[in-house]
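Peer 1: Sequence below, structure please.
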Amino acid sequence: MEKQESSRQKKIGTVLQQEIATLLQQAIRQGGGAQLMLSVTKVTVTSDLSLAKVYLSIFPSQKAQPYFEALKQNGSQLRHDLSQRMKNQLRKIPELVFYLDDSLDYIEGIENELDKGENPIKNPTLLNSRQRK
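Peer 2: Prediction:
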């Protein structure tokens, strides 16, 4: 059972989410990824503020994996850029761990099955299983 996040953790998570989104959008524009849409859906921070879990949604999802792998490899550079932007707000920037957020794909699968006339709630085998985190 997970502990409830403190208000400080929530505030830091929100600020990190905004700053990471800004940095990633700038990187996409500079890198020529005009056909890519990336959003930071959620950031959770551990109670000791040493680790931040960053959940990303990348569209189109067919191109998500190569961009996600490149982002994981360049995570230390992103953390450095983040520390430069937030040096007056946080003393220590948490280590960043990235996860792909597949909730939009899951919702799209439900909508597709409902459009076909099938009920995925009564027959759960119609949907692809979600990844465990």
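Peer 1: any idea how far Leu56 is from Val97?
Peer 2: 11 Å (Cβ to Cβ, to the nearest Å). C-beta here means a position set from N, CA and C on the backbone, and glycine is covered the same way.
Peer 1: Which of the two has more residues huddled nearby?
Peer 2: Leu56 (21 against 13; other Cβ atoms under 10 Å).
Peer 1: how is the protein carved up into domains?
Peer 2: Listed by automatic domain parsing, the domain ranges of the chain are 7-101, 102-133.
Peer 1: Lowest average pLDDT across the ones you listed?
Peer 2: Mean pLDDT across the domains of the chain is lowest at domain 102-133; the value there is a mean of 68.
Peer 1: Just the buried residues of the top helix by length along the chain, please?
Peer 2: When the chain is parsed with DSSP state H, its longest helix is helix 7-31. For helix 7-31, the neighbour count (16 or more other Cβ atoms under 10 Å) marks 9, 12-13, 16-17, 19-21, 23-24, 27-28 as buried.
Peer 1: Mind jotting down where the strands sit in this structure?
Peer 2: Ranges of strands in the chain, per DSSP state E, are 37-45, 51-59, 95-100.
Peer 1: export the second one as PDB, just CAs?
Peer 2: Only the C-alpha atoms of strand 51-59 are listed here, as PDB (Å, rounded to 0.1, in the frame of the first residue of the first chain):
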ATOM      1  CA  LEU A  51      13.600  10.200  -7.000                       C
ATOM      2  CA  ALA A  52      11.000  11.500  -9.400                       C
ATOM      3  CA  LYS A  53       8.900   9.200 -11.500                       C
ATOM      4  CA  VAL A  54       8.000  10.900 -14.800                       C
ATOM      5  CA  TYR A  55       5.100   9.500 -16.800                       C
ATOM      6  CA  LEU A  56       5.100  10.500 -20.500                       C
ATOM      7  CA  SER A  57       2.500  10.200 -23.200                       C
ATOM      8  CA  ILE A  58       3.900  10.200 -26.700                       C
ATOM      9  CA  PHE A  59       1.800  10.500 -29.800                       C
END
